[in-house]
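With the input below, show me the fold.
(one chain, ligands or ions: 2)
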Amino acid sequence: MLLFRERVPADWLPKILSDLPAVLVDHAHLERKAATTALNLEKYRDLYPRVPELNAIAIEELQHFQLVLDLLKRRGIAFSQPYPSPWISGLMKSIRNGQRHQVIDHLICCSLIEGRSCEKFQILARELRSIDGALAEFYASLVESEGNHYATYLLMARAIDDTEADRRLDFYLELDARLIRGPNPLPMLH
Ligand SMILES: [Fe+2]
Ligand SMILES: [Fe+2]
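Ligands and ions are numbered 1, 2, ... in the order given. Model (predicted):
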């Protein structure tokens, strides 16, 4: 049920496979940021009734973060600094001000980030099978959870204002399609 209008660029997978240790460090930061993002969404008045669900997502993301850290340790990869993703910051830069506008835009951005993670983890689960079976299984084990986060954030935006959420989803899907074609030479998931 992913709605994306542009495929993951063909040069993404070879770039990822060229430096899996760096990708795993980037992935650890992605899960860490996903946990803090779920908590940040709790600042919006429209989401006060959803705080228990957001806490559950934050806990799940924190568990994912720990799983990636465990993987780094087992593989002798040092946890190191994060790099900014032009795709993520491009989406985030378009979040409008104003309580209602902001919460809807923020939820849709989060939904698309979760959705792209879900899609890319599926690709990795398939493509890593013959290269690194354990890592392929790890990515396969995360697909359902990230897919649920994608759907939950989208439904939260629609529950606030159906029409506005769909209008902004259309805007963000176009922006995603444009940004995902942009260059990012670093071995990053996004
Ligand atoms: Fe996650
Ligand atoms: Fe997630």
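
how about low-confidence regions in this protein?
1 (pLDDT under 70).

Residue numbers of it in contact with ligand 1?
31, 61, 64 (C-beta under 5 Å from the ion). No exception for glycine: its C-beta is placed from N, CA and C like everyone else's.

Quick check, the second one in contact with residue 35.
To tie it back to what came earlier, the one meant is residue 61. Yes. Between residue 61 and residue 35 there is a contact at 3.8 Å, judged by C-beta atoms under 8 Å.

what's the neighbour count on whichever residue of the chain sits closest to ligand 2?
Across the chain, the shortest distance to ligand 2 (C-beta to the ion) belongs to residue 149, at 3.7 Å. By other C-beta atoms under 10 Å, 23 other residues sit near residue 149.

For whichever residue of the chain sits closest to ligand 1, what are phi and psi?
Of all residues in the chain, the one sitting closest to ligand 1 is residue 64 (3.7 Å; C-beta to the ion). With angles defined as degrees, to the nearest 10, residue 64 sits at phi -60, psi -40.

Please name the nearest non-neighbouring residue to it.
residue 31 (4.2 Å; C-beta to C-beta, 6 or more residues apart in numbering).
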